[in-house]
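Chemist: One predicted model, sequence on top.
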Amino acid sequence: MSQSYSLALLEDTTVTPERLERLAARVDAEESETSLVVRTPITDEPLASVPAATATDVSTAVERAREAGEGWAATPVEERAEVIERFGDLVTANREELQDVVQLETGKARIHAFEELLDVPATCSYYAGTAAEVIADDPRDGAFPLVSDAVVTHDPLGVVGVISPWNYPLTLSMTDAIPALMAGNAVVCKPDERTPFVALALAELLEEAGLPADVFQVVTGEGSTVGPALIDAVEYVAFTGGTETGRVVAERAGRNLIGCSLELGGKNPFIVLADADVADAVRGAVRTAYANAGQLCLAPERIYVAESRYAEFLDAFVEATRSLTLGHAFEYGPDVGSLIDEAHRDRVDDFVQGAVEDGATVVIGGNARPDIGPSWYEPTVLTDVDPDARIACEETFGPVVIVTPVRDEAEAIERANDSSYGLNASVWTADRDRGRAVARRIDCGTVCVNDAFVVGWSAVDAPMGGIGDSGLGRRHGPEGIERFLAVRTVATSRVGPLTFPSALPMDWVARLVSGGLTLKRRIARRLR
Ligand code: NDP
């Protein structure tokens, strides 16, 4: 069913057509009669194909995962941790091939392929080191001291579905799968149809690390077929992608009464206060707004600068933008790679042209670059943008940033919060306490002070996620593994059934029990 193509491009990589065919052969899709051709955005040539799984293929994969998962769930957490740590080591050791595959599938610059790889070993170590404590039985206060007790137990849910997008296909196929596996679940991952190969390469490394066969599986195919079938078969779904698809996923999970986490889009504000170090802020903005050509849910898209520093910031930011190099190489060099495909390039350009029609000024950029490759787009800075324009409200998901002056801190906060999204924000100031105080007034799941998102994303011990149209639930931190655990309370009576004594009149009992309860509450208040 799978086929690969001998592209000249592959000669500069560690990847061969046969290697891609072997990876595609990992997908067990017996019912599939069609395949999906994966194209490389670098040249828009076909790279290789993968099976388009049917709904039956998906339920078969989940059933196999469920069976294999029983042994994995019974494996002591310390042994699971060893497998996950080994996997983290293997990802690091195989980074050249993984980065090549990511670049082939996404067209991103080498540096951004390297950055996405870093999250995996860090997440492996974090959950390998902390899962045992989260999973351990947790004794709680019983209803009555000495008379009863209560213990909370944590078990795997069963099979977790991970639905991942194309923009960070390596990180986002794994960053939820790792805690799900550490919790003792099996995982079935559905990568985006444009980027299936890196997920397949990671499945191979998980097995090499010692994960039993079938505990982690990849099903390839169209989201509209594979997605619903997966949500209907699993016990939890961890989704990353667009807000509209997120709503569809949440509706289906809701109907099935299973849990879901949704990491969706953002329209992330970046606030430069009057006392900020402008050089630092410019460095932070240029480094993150164009990361992965802006196709990053955490990237800043709206920059608000205190009036007194606006001209200084804008000049320096435009100069820094001008200095970026666009292009492609399977080595470090170009700063800005390709967008995912021509349709997305056209969407980004529509946002920019629409903004110009509404009165915005293009200070730099604003053009597609077919001379470099079919889907390249110039890093673009816009000013004079109407706050109600589409580009000011909807996620552009491209290398396009709006810069706007604001009177003061209060207006910056008001503008930042004037959005249906709430994923990530940043505040730039010489006074870190002031930055933290401003951060607490911003309606986002993460707010970074003097850094755009790296300091927040890479704090793996701290939860990450959005509010509003940016999603539900959290990844990273204890919250990131707790969602994959079934919580049970086991309460035990040491004196048989707790009933009211029948030997006493009920009004005496009521007085005694009420008095006892009042005494218990008073003691508890004293001890607080
Ligand atoms: P989607 O939300 O469509 O895709 C994300 C994943 O969901 C893919 O694996 C996709 O599969 C799958 N999917 C599609 N339909 C369904 C369905 N009915 N049920 C379950 N899963 C489904 O993102 P797009 O690629 O269309 O991007 C649209 C916009 O979303 C972007 O422009 C950007 O604004 C935002 N986005 C945000 C991301 C983030 O990291 N927060 C990541 C990607 C996009 P397939 O594509 O194979 O059909």
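Modeler: Thanks, I have it.
Chemist: Burial check on the residue of the stretch 251-400 of the chain found nearest the ligand, number of neighbours?
Modeler: As assessed by CB to the nearest ligand atom, the ligand sits closest to C297 within the stretch 251-400 of the chain, at 3.2 Å. The way it works is simple: take the backbone N, C-alpha and C, and place the C-beta from them, glycine included. Neighbours of C297 under the rule other CB atoms under 10 Å: 25.
Chemist: so what's it up against?
Modeler: N167, T240, E263, L264, G265, G266, E395, L423, N424, S470 (CB atoms under 8 Å, 6 or more residues apart in numbering).
Chemist: ok, so what distance separates it from F397?
Modeler: 8 Å (CB to CB, to the nearest Å).
Chemist: Quick check: neighbours shared by the two?
Modeler: Common neighbours of C297 and F397 (CB under 8 Å, 6+ apart) are N167, G265.
Chemist: Residue numbers of this structure in contact with the ligand?
Modeler: 163-167, 190, 192-193, 222-224, 227-228, 240-242, 245, 248-249, 263-265, 297, 395, 397 (CB under 6 Å from any ligand atom).
Chemist: Can I get the buried part of the residues you listed as one ChimeraX selection?
Modeler: Burial among these is assessed by 16 or more other CB atoms under 10 Å; the matching ChimeraX selection reads:
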select :163,164,165,166,167,190,192,193,223,227,240,241,245,248,249,263,264,265,297,395,397
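Chemist: Now, the residues of the chain next to the ligand that are in helices?
Modeler: Taking DSSP state H, the ones among these that sit in helices are G223, S224, G227, P228, T245, V248, V249.
Chemist: mind putting those residues in CSV, pLDDT included?
Modeler: CSV is the format used below for those (pLDDT from 0 to 100):
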residue, pLDDT
G223, 97
S224, 96
G227, 98
P228, 98
T245, 98
V248, 98
V249, 98
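Chemist: so what does the longest helix along the chain touch, helix or strand wise?
Modeler: Assignment by DSSP H gives helix 110-135 as the longest helix of the chain. Here helix 110-135 touches helix 77-93, helix 95-106, helix 171-174, helix 177-182, helix 477-482, going by 3 or more CB pairs under 8 Å, 6 or more residues apart in numbering; DSSP states H and E.
Chemist: can I get the ones you listed in a markdown table with distance to A65, mean neighbour count and mean pLDDT?
Modeler: Shown next, in a markdown table, are the helices and strands packed on helix 110-135 (distance: least, CB to CB, whole Å; neighbours: other CB atoms under 10 Å; pLDDT from 0 to 100):
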| stretch | distance to A65 | mean neighbour count | mean pLDDT |
| --- | --- | --- | --- |
| helix 77-93 | 15 | 18 | 98 |
| helix 95-106 | 23 | 24 | 98 |
| helix 171-174 | 15 | 27 | 97 |
| helix 177-182 | 11 | 28 | 98 |
| helix 477-482 | 19 | 21 | 98 |
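Chemist: out of these, nearest to I364?
Modeler: Across the helices and strands packed on helix 110-135, I364 has its closest neighbour in helix 95-106 (24.4 Å, CB to CB).
Chemist: ok now the closest one, how far from the chain's centre?
Modeler: 19 Å (CA atoms, centre = their mean, to the nearest Å).
Chemist: Stretch 421-434 too?
Modeler: 21 Å.
Chemist: mind checking the end-to-end distance for that stretch?
Modeler: Stretch 421-434 has an end-to-end distance of 24 Å (criterion: CA to CA, to the nearest Å).
Chemist: which residues of the stretch 151-300 of the chain fall in strands?
Modeler: Secondary structure of the stretch 151-300 of the chain (DSSP state E, counting those that start in this stretch): strands located at 159-163, 186-190, 216-218, 236-240, 259-263, 268-272, 300-306.
Chemist: May I see these organised as JSON lines, with mean pLDDT added?
Modeler: Output for the strands of the stretch 151-300 of the chain, formatted as JSON lines (pLDDT from 0 to 100):
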{"stretch": "strand 159-163", "mean pLDDT": "98"}
{"stretch": "strand 186-190", "mean pLDDT": "98"}
{"stretch": "strand 216-218", "mean pLDDT": "98"}
{"stretch": "strand 236-240", "mean pLDDT": "98"}
{"stretch": "strand 259-263", "mean pLDDT": "98"}
{"stretch": "strand 268-272", "mean pLDDT": "98"}
{"stretch": "strand 300-306", "mean pLDDT": "98"}
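Chemist: Can you add distance to G337 and give those back as TSV?
Modeler: Listed next are the strands of the stretch 151-300 of the chain as TSV, based on distance: least, CB to CB, whole Å:
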stretch	distance to G337
strand 159-163	24
strand 186-190	24
strand 216-218	24
strand 236-240	20
strand 259-263	22
strand 268-272	20
strand 300-306	18
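Chemist: E11: which of the ones you listed is closest?
Modeler: strand 216-218 (26.7 Å).
Chemist: who does that closest one touch, helix- and strand-wise?
Modeler: Using 3+ CB pairs under 8 Å, 6+ apart: strand 216-218 touches helix 55-74, strand 186-190, helix 197-208.
Chemist: Tell me which of these sits most buried.
Modeler: Ranked by mean neighbour count under mean count of other CB atoms under 10 Å, the helices and strands packed on strand 216-218 are led by strand 186-190, which reaches a mean of 29.
Chemist: Give the other helices and strands that that strand contacts.
Modeler: Checked by 3+ CB pairs under 8 Å, 6+ apart, strand 186-190 has helix 55-74, strand 159-163, helix 177-182, strand 216-218, helix 223-233 packed alongside it.
Chemist: And the contacts of it?
Modeler: Here strand 186-190 has contacts from 58, 61-62, 65-66, 68-69, 72, 158-164, 173, 177, 180-181, 199, 203, 214-221, 223, 226-227, 230, 233-234, using CB under 8 Å, 6+ apart.
Chemist: what's the spacing between stretch 429-441 and its chain's center?
Modeler: Using CA atoms, centre = their mean, the offset of stretch 429-441 from its chain centre is 26 Å.
Chemist: re earlier: which non-adjacent residue is nearest the residue of the stretch 251-400 of the chain closest to the ligand?
Modeler: Distances taken as CB to CB, 6 or more residues apart in numbering place G266 nearest to C297, at 5.1 Å, with adjacent residues excluded.
Chemist: Same question for I413.
Modeler: I413 sits nearest to R441 (CB to CB, 6+ apart), 5.2 Å away.
Chemist: What of V449?
Modeler: Nearest one to V449, counting by CB to CB, 6+ apart, is G435 at 3.6 Å.
Chemist: From the ligand, how far out is that neighbour?
Modeler: 25 Å (CB to the nearest ligand atom, to the nearest Å).
Chemist: doesn't that residue fall inside a helix?
Modeler: Yes: per DSSP: H, G, I helix; E, B strand; the rest coil, G435 lies within a helix segment.
Chemist: what number of residues lie near the closest residue to E482 other than its chain neighbours?
Modeler: Leaving aside its chain neighbours, E482 sits nearest to V134 (6.4 Å; criterion: CB to CB, 6+ apart). Each residue near V134 was counted by other CB under 10 Å, and the total is 21.
Chemist: Looks like V134 contacts R483 (just checking).
Modeler: No: V134 is not in contact with R483 according to CB atoms under 8 Å; the separation is 11.0 Å.
Chemist: ok, now which ones touch G359?
Modeler: By CB under 8 Å, 6+ apart, the neighbours of G359 are D384, D386.
Chemist: remind me which residues of this protein are low pLDDT?
Modeler: By pLDDT under 70, the low-scoring segments of the chain are 1-2.
Chemist: got the domain boundaries for it?
Modeler: 8-264+478-485, 268-461 (automatic domain parsing).
Chemist: Can I get the ones you listed in a markdown table including distance to M506?
Modeler: Listed next are the domains of the chain as a markdown table, based on distance: least, CB to CB, whole Å:
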| stretch | distance to M506 |
| --- | --- |
| domain 8-264+478-485 | 19 |
| domain 268-461 | 52 |
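Chemist: No more questions from me, cheers.
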